[in-house]
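Peer 1: Provided below for reference: sequence and predicted model.
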Amino acid sequence: MQINDAEKRVEELSITLHELNRKYYQEGVSDVSDQDYDQLLKELQRIEEEFPSLVKPNSPTLRVGGEPTKNFENVAHNVPMLSLSNTYDKEDLLDFNERTIKDLNEDVEYVCELKYDGVALSLTYEDGILVRAVTRGDGVKGDDVTANAKTIRSIPIQLNGDYPSQFEVRGEVFMSKKSFDINNEKIAIENEERISKGNKPQPLLANPRNAAAGALKQQDPKKVAERKLDMYVYGIVTEIEGIDTHYDGLVKLKEWGFNLSPTFEKENSIEGVWDYITRWDKKRHDLPLETDGVVIKVNKEEFHKKLGNTAKSPRWAIAYKYKAEAAKTELEFVTYQVGRTGAITPVANLAAVQLAGTTVRRASLHNANEIARLDLHYHDMVYVEKGGEIIPKITGVDKTERNEKNKPVEFITHCPACDTELIRKEGEAQHYCPNKETCPPQVKGRIQHFVSRKAMNIDSIGGETIDQLIGKGLIKDVADLYQLDSDKLSVMERFKQKSIDNLLNGIEASKSIPYERVLFALGIRNVGSTISEKLCEAFPTIEELEKATIEQISELYDVGNTVGEEIVSFFAVEENKALVTRLQEAGLQFKLEKKNTLDTLEGKSFVCTGKFYEFSRNEIHDLIKLHGGTVKTSISKNVDYLVAGEKAGSKLKKAEDLGLQVLTEEDFKQLITE
Ligand SMILES: NC(=O)c1ccc[n+]([C@@H]2O[C@H](COP(=O)([O-])OP(=O)(O)OC[C@H]3O[C@@H](n4cnc5c(N)ncnc54)[C@H](O)[C@@H]3O)[C@@H](O)[C@H]2O)c1
Ligand SMILES: [Zn+2]
C-alpha cells in the first residue's frame, strides 16, 4: 500500500469508526455487527502500524469508549479504565499465550470469566462504605453516578469482613434478560394507555446492554431503581497486601459481600482456557444475563505490572468473543423502505426462525449490490446471522435447496411510496428516490429529523402529529412549521388547546437552538452532529459555509471529502437555499455564538505533527482554536505554521520544502503567551 492510499483509507476508517462509536456509546445504536466493527478497527490498526506517521492523536485505535456526559459531575479515574483487546480466533489466543510467556519468561496461570454484556462501573469504598461510583466515560474521566448506583440492589452499600480501609473495585452493570423482558412489557402496557390518550408511544428497549447504559444515566435515581439493574464485579484495582492473584481477589470480593458470577475459573494452561471457552459456548445462554465472550486474565498481580498496558487495553488480558449465531430460514418476499434522504433500503421478510434467543422475521439487505452478491432468489433458503443484538443480516444462500422455478430478486425501479423512477449515482451502491419535494416518507423523515432531540428538540411534535400536519396541508417542509398559529392548528383532530399551545411553544423555543444544531437539523447527507460542530467552528456563519469549497471543507480535521461534496451540492440547489432563507427569516440561528476566544492567532492556520512533551496534540489543537487560529491536517502553501514535535517525518520535510515557518513546542508556547 502506498502512503497516499493509506492516508485516504485511514481517513475513511476513522470517520466511519468515530461515527459508529458515537452511535454506539451515545445513542446505543449499532449500525454494523460487533464483528464487522472489530474488523474495521483491526484494519485501521494494521495500516497505522505500517505507517506510524498517519496515527492521529484521536485515532479510534487509541480511544476508549464514549465521552463523559454533561449531566453528571465528571470525575478523573485514579487508574485509567481501559478497554480489552479482542479476538474471534483461536490462533490469536494462542499467540497471546506465547507472547505472554515470552515476555514474562515464565509459565502463566489464567483466570477465565465470562464477558458480561453491560456497562463498566468503578466503585470506591472507604471504611467499608460505598462513597463513589463512576462510569468509564472516555477511560480517563467518567460520570459520577453514585446516587444511581446506590439504587442497584446487588451493589453493597456496606461491606462485611476484613475489607481494606480504602479501595476501588470494578465490574459490569447489566440488565438481566428477565428484567429486560419485564421492563419492555411494562413499556408496552404504558404505551397502550398513551396511545388511547392520543400521546406518543415510548420506544421499547433495544437490547439489555443498551438498556443498562441508558438506565444508569437517568437523572432521577427512582427511575434507575425501577429498571432493576444488577452488577457483577470482576476485579480489584487497588494493590492490597495479601492479595497476590486475581483469583484470590475475586474470592475476597465475594467474602466482603460483592455480587460475582459463579462462573469464573482458574486454568493452568491455554488448553484449559480453550476448554472453558468451548464449555461455555452454548451453556452461557442459560445464564441470567447476556454474555458475548470470555475474558482471559493473567492470574498473578505482579505480572500485570510487568506486562503493562497499550494506549487502549491491558496487555495481561484478552477477550475471546463468540462468533455471531446463524440460522437457516426461507426468504418469503422483499420490501423496500424509503429513508429521509430518499435512500432505498431493501428488507428481507423471512419465515420466522429462532436465533440467539429471539424470533427473527426480517433482515436488512442494505442495497442492490448486496442482493447481487448473494445472488438472491425468492424462496431461497438463506443463512441469517445476528451479531450481538443488531438487526440480523443474511450471510449466504443454500443453493442446493433452490427450486429452479424460483425467480431472482430484482430491485424495484420505482419508489414504493410515490412511484417516481429511482436513480443510482455513479459509483454508489444505494438507489434513491429523487422526488425530494413530495415523496411522503422523505418529507416526513426530514421533518422528523428536524424536530428530533439532538436537532431542534421540538418534542411536542411526534410522528403522528407530523402525519396530520402534512395530511391537513399545513406543512410541506420544515420552514412551514414557523408559519403555524392557533388559527391554522384549529383544524387538527384530537388536538386540545393545550396541545396547540405546547406545539407552538416548542416551535418558538427552537428559535434559540444554536447554529451547529440547526445545521445538523437541515439533514444534509453525511453531516452528523459532530461534523456539524466542526463545520460551524470553521465557518461561523451559514453564508461562509455556503461559499466554502470542497477543498476547504475537506481540509478540516476529521472531515472527509464526501462531506465537502454533500455541502456544496446542497447549496447548489435553489430550493435548499430558499429553505435556509425562510428559516433565517423565521428567526433561527445561523451564526456561531462567539465563545470566549482570544485573538492572538487570528487568521493563522496550523498543522501539528509528531510527538509532544508538555501538551498532547489535542491540547495543542485546542489552544490554537482558543486563540482564534485554525487547525488543518495537510501541509500546503495556505498553512502558516507547522508545529513539529519529535519524529515529525514527512510533513516536516514538506513544510521545509515549501518554506513554511516551523515551530517547536516551546516556540508555540511563546507564540501564545506573547
Ligand atoms: N457495532 C458497533 O457499531 C460498535 C461500535 C462501537 C463498539 N462496538 C463494540 O464494542 C467493543 C468496544 O467496546 P469496549 O471498549 O467497551 O470493549 P469491550 O466491551 O469489548 O471490552 C471491554 C469491557 O468489557 C467489560 N467486561 C465484561 N465482562 C468483563 C470481565 N469479566 N472482566 C473484565 N471486563 C469485562 C468491561 O466493562 C470492559 O470495559 C468493540 O470491540 C465492538 O465489539 C461496536
Ligand atoms: Zn419516492
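Peer 2: All right, it came through fine. Numbers count the residues shown, from 1 in each chain. Ligands and ions are numbered 1, 2, ... in the order given.
Peer 1: Give me the domain ranges for the chain.
Peer 2: Domain segmentation of the chain under automatic domain parsing yields 3-54, 74-321, 324-434, 440-512, 515-585, 605-673.
Peer 1: Can I get these in CSV including distance to ligand 2?
Peer 2: Backbone N, C-alpha and C define where each C-beta goes, glycine included. What follows is the domains of the chain, written out as CSV (distance: least, C-beta to the ion, whole Å):
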stretch, distance to ligand 2
domain 3-54, 23
domain 74-321, 25
domain 324-434, 3
domain 440-512, 6
domain 515-585, 16
domain 605-673, 38
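Peer 1: Turn these into CSV, columns for mean pLDDT.
Peer 2: As requested, the domains of the chain are exported to CSV (pLDDT from 0 to 100):
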stretch, mean pLDDT
domain 3-54, 86
domain 74-321, 93
domain 324-434, 88
domain 440-512, 93
domain 515-585, 90
domain 605-673, 87
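Peer 1: Let's have the ones you listed in TSV, adding distance to ligand 1 and mean neighbour count.
Peer 2: Shown next, in TSV, are those (distance: least, C-beta to the nearest ligand atom, whole Å; neighbours: other C-beta atoms under 10 Å):
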stretch	distance to ligand 1	mean neighbour count
domain 3-54	3	16
domain 74-321	3	17
domain 324-434	7	16
domain 440-512	18	16
domain 515-585	14	18
domain 605-673	19	17
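Peer 1: Which one, of these, ends up nearest to Val64?
Peer 2: Within those, the stretch nearest Val64 is domain 74-321; the backing value is 3.3 Å (C-beta to C-beta).
Peer 1: and Leu250, which of the three is it?
Peer 2: Following DSSP: H, G, I helix; E, B strand; the rest coil, the label given to Leu250 is helix.
Peer 1: any idea how far Val298 is from the closest residue in space to it that isn't next to it in sequence?
Peer 2: Leaving out its chain neighbours, the residue that sits closest to Leu250 by C-beta to C-beta, 6 or more residues apart in numbering is Phe264, at 5.7 Å. According to C-beta to C-beta, to the nearest Å, Phe264 and Val298 sit 14 Å apart.
Peer 1: repeat for Ile189
Peer 2: Taken as C-beta to C-beta, the span from Ile189 to Val298 is 48 Å.
Peer 1: Check Ala215 too.
Peer 2: According to C-beta to C-beta, Ala215 and Val298 sit 33 Å apart.
Peer 1: what's the answer for Val360, then?
Peer 2: In terms of C-beta to C-beta, Val360 sits 39 Å off from Val298.
Peer 1: for Glu126, same thing?
Peer 2: Distance of Glu126 to Val298, given as C-beta to C-beta: 29 Å.
Peer 1: Please apply the same query to Tyr247.
Peer 2: Distance from Tyr247 to Val298, by C-beta to C-beta: 11 Å.
Peer 1: cool, and Val79?
Peer 2: Val79 sits 17 Å away from Val298, going by C-beta to C-beta.
Peer 1: One more: Phe571?
Peer 2: Taken as C-beta to C-beta, the span from Phe571 to Val298 is 57 Å.
Peer 1: got a list of contacts for stretch 263-274?
Peer 2: Residues from elsewhere that reach stretch 263-274 (C-beta atoms under 8 Å, 6 or more residues apart in numbering): 90, 93-94, 97, 107, 109-114, 234, 247, 250, 275-276, 280, 287, 294, 296, 299.
Peer 1: Can you flag which of those belong to strands?
Peer 2: Tyr110, Val111, Cys112, Glu113, Leu114, Tyr234, Val294, Ile296 (DSSP state E).
Peer 1: Just send those back as JSON lines, with distance to Ser33 too.
Peer 2: JSON lines is the format used below for these (distance: C-beta to C-beta, whole Å):
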{"residue": "Tyr110", "distance to Ser33": "27"}
{"residue": "Val111", "distance to Ser33": "28"}
{"residue": "Cys112", "distance to Ser33": "24"}
{"residue": "Glu113", "distance to Ser33": "23"}
{"residue": "Leu114", "distance to Ser33": "20"}
{"residue": "Tyr234", "distance to Ser33": "25"}
{"residue": "Val294", "distance to Ser33": "19"}
{"residue": "Ile296", "distance to Ser33": "22"}
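Peer 1: Tell me the one among those nearest to Lys393.
Peer 2: Looking across these and measuring by C-beta to C-beta, the closest to Lys393 is Val294, at 24.4 Å.
Peer 1: pretty sure that closest one contacts Leu114?
Peer 2: Yes. If you go by C-beta atoms under 8 Å, Val294 and Leu114 touch, sitting 6.0 Å apart.
Peer 1: So for those two, which residues contact both of them?
Peer 2: Contact criterion C-beta under 8 Å, 6+ apart; residues shared by Val294 and Leu114: Trp280.
Peer 1: Could you check how far stretch 432-446 is from the centre of its chain?
Peer 2: Distance of stretch 432-446 from the chain centroid (C-alpha atoms, centre = their mean, to the nearest Å) equals 27 Å.
Peer 1: no wait, stretch 572-592
Peer 2: In this view, stretch 572-592 has its centroid 30 Å away from the chain centroid, taken as C-alpha atoms, centre = their mean.
Peer 1: Repeat that for stretch 501-511.
Peer 2: For stretch 501-511 - counting by C-alpha atoms, centre = their mean - the centre lies 30 Å from the chain centre.
Peer 1: Lys328: what's it in contact with?
Peer 2: Going by C-beta under 8 Å, 6+ apart, Lys328 touches Val353, Met381, Val382, Tyr383, Val384, Asp398.
Peer 1: Now flag whichever of these is closest to Ala149.
Peer 2: Val384 (37.9 Å).
Peer 1: Pretty sure the closest one sits in a strand.
Peer 2: Yes. According to three-state DSSP, Val384 belongs to a strand.
Peer 1: Now do the strands in the stretch 1-150 of the chain.
Peer 2: Taking DSSP state E, counting those that start in this stretch, the strands of the stretch 1-150 of the chain run over residues 74-76, 86-87, 110-116, 119-126, 129-135, 141-143.
Peer 1: For stretch 585-603, list every residue counted as buried.
Peer 2: Buried residues in stretch 585-603, counted by 16 or more other C-beta atoms under 10 Å: Ala586, Leu588, Gln589, Phe590, Leu592, Thr600, Leu601.
Peer 1: residues in contact with stretch 644-652?
Peer 2: So stretch 644-652 is contacted by 3, 53, 607-613, 617, 635, 642, 655, 662-665 (C-beta under 8 Å, 6+ apart).
Peer 1: repeat that with 7 Å
Peer 2: Applying C-beta atoms under 7 Å, 6 or more residues apart in numbering, the external contacts of stretch 644-652 come out as Ser53, Val607, Thr609, Gly610, Lys611, Phe612, Ile635, Leu642, Val662, Thr664, Glu665.
Peer 1: Equivalent analysis for stretch 480-490, please.
Peer 2: Leu474, Ile475, Phe495, Ile500, Leu503, Leu504, Ile507, Ala586.
Peer 1: would you list the residues you listed in JSON lines and tack on secondary structure?
Peer 2: Output for these, formatted as JSON lines (three-state DSSP):
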{"residue": "Leu474", "secondary structure": "coil"}
{"residue": "Ile475", "secondary structure": "coil"}
{"residue": "Phe495", "secondary structure": "coil"}
{"residue": "Ile500", "secondary structure": "helix"}
{"residue": "Leu503", "secondary structure": "helix"}
{"residue": "Leu504", "secondary structure": "helix"}
{"residue": "Ile507", "secondary structure": "helix"}
{"residue": "Ala586", "secondary structure": "coil"}
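Peer 1: any idea how far Lys200 lies from Asp501?
Peer 2: Lys200 is 17 Å from Asp501, by C-beta to C-beta.
Peer 1: And the helices in the stretch 51-200 of the chain?
Peer 2: 90-104, 146-149, 177-196 (DSSP state H, counting those that start in this stretch).
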